[in-house]
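Participant: Dropping the sequence and predicted coords here.
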Amino acid sequence: MTEKFTPDEKKLVAVGENYKRILDRVRECAVKAGRGENDVRLMCVTKTVEPIYINRVLELGADLIGENRVQEYLGKRDSLKLESVERHLIGHLQTNKVKQIAGEVDMIESVSSLKLAKEISKVSQAKGIISDCLVEVNIGREESKSGIFAEELEELLYEVSLLEGIKIKGLMTIPPICESEAQVRRYFERMYGYFIDIRDKKIHNVDMEILSMGMSGDFEAAVAEGSNIVRVGSAIFGERKYF
């Protein structure tokens, strides 16, 4: 018999306060960077977070959530108040899970290979949909992370632009762990350079609208360097509890 989940009332209050505080900081950073306060979107990352806490931020106006794992999202979806809420898959996506998630989220942020893009294209065409996606760039060339290397980005985009059923809307990255803000800002600055360069090329079927970078520990630096989606989890919901 499954033990009944009991929500933590103090955590519910803290989650609400955290969300409002982070949202204010994102807006302040956007204005400081010379943009409008609503030009940078706050994504609430909900990995391992129980639905009651997710619904708390949705009640407060959060309109963008990100999940890392296909099965976890599908398992929680029916318990979430998702009216007018945009949903992104931000974790590594295996090709054998594409059938389950294509059409179930508004965007797949983690296209990391031509093989995966082709599978998304095939499944999306079979379902009669167009899947909006971001290409994940491994900006730090880390073996432990997915994503393509920057020097492969342009070639991949040209190849994906020929596929049907998939639309590239921008780029996503996770920089290496850095010892200083100056170091992480250099990665973000480089990523913004790729974003602008690709946008200026005006590749068919590739819209450079979204640059998704920055998480709980570095979103302020990311906004300063051009990010327009920041993905924040632990700073809102607390440290993750893995299960």
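Facilitator: That came in fine, so what should we check first? Predicted, not measured: the structure shown is a model, and the values here were computed from it.
Participant: mind listing what Val45 touches?
Facilitator: Residues in contact with Val45 (CB atoms under 8 Å, 6 or more residues apart in numbering) are Ile65, Gly66, Glu67, Asn68, Ile90, Met215, Arg231, Val232, Gly233, Ile236. Bear in mind the C-beta positions are built from the backbone N, C-alpha and C, glycine included.
Participant: how much space is there between it and Ala235?
Facilitator: Remark: distance between Val45 and Ala235 (CB to CB, to the nearest Å) = 9 Å.
Participant: Mind putting the contacts of Val45 into TSV with pLDDT and neighbour count?
Facilitator: As requested, the contacts of Val45 are arranged in TSV below (pLDDT from 0 to 100; neighbours: other CB atoms under 10 Å):
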residue	pLDDT	neighbour count
Ile65	98	26
Gly66	98	24
Glu67	97	24
Asn68	96	18
Ile90	97	28
Met215	96	18
Arg231	98	26
Val232	98	23
Gly233	97	22
Ile236	98	28
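Participant: in the protein, which spans are helices?
Facilitator: Counting by DSSP state H, the chain has helices at residues 9-32, 51-59, 70-76, 98-101, 114-127, 153-160, 181-201, 219-224, 234-237.
Participant: how about the spatially most central residue of the chain, phi and psi?
Facilitator: Among the residues of the chain, the one closest to the centroid is Ile90, at 4.5 Å (CA atoms, centre = their mean). Dihedral angles phi and psi of Ile90 (degrees, to the nearest 10) take the values phi -110, psi -10.
Participant: Identify the residue nearest it in space, chain neighbours excluded?
Facilitator: Nearest residue to Ile90 in three dimensions, chain neighbours excluded: Gly66, at 4.2 Å (CB to CB, 6 or more residues apart in numbering).
Participant: which residues does that neighbour bridge with?
Facilitator: Val45, His88 (DSSP bridges).
Participant: thought it was touching Val85?
Facilitator: No. Gly66 is beyond contact range of Val85, at 11.1 Å (criterion: CB atoms under 8 Å).
Participant: returning to that earlier point: ok, so of the contacts of Val45, who is nearest Ala14?
Facilitator: Nearest to Ala14, judged by CB to CB, of those is Ile236 at 9.3 Å.
Participant: Quick check: the closest one touching Val57?
Facilitator: Yes. With contact defined as CB under 8 Å, Ile236 counts as touching Val57 (6.6 Å).
Participant: Between those two, which contacts overlap?
Facilitator: Applying CB under 8 Å, 6+ apart, one finds that Ile236 and Val57 are jointly contacted by Val15, Tyr19, Cys44.
Participant: can you list those in JSON lines and add neighbour count and pLDDT?
Facilitator: Listed next are the shared contacts of Ile236 and Val57 as JSON lines, based on neighbours: other CB atoms under 10 Å; pLDDT from 0 to 100:
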{"residue": "Val15", "neighbour count": "23", "pLDDT": "97"}
{"residue": "Tyr19", "neighbour count": "24", "pLDDT": "98"}
{"residue": "Cys44", "neighbour count": "28", "pLDDT": "98"}
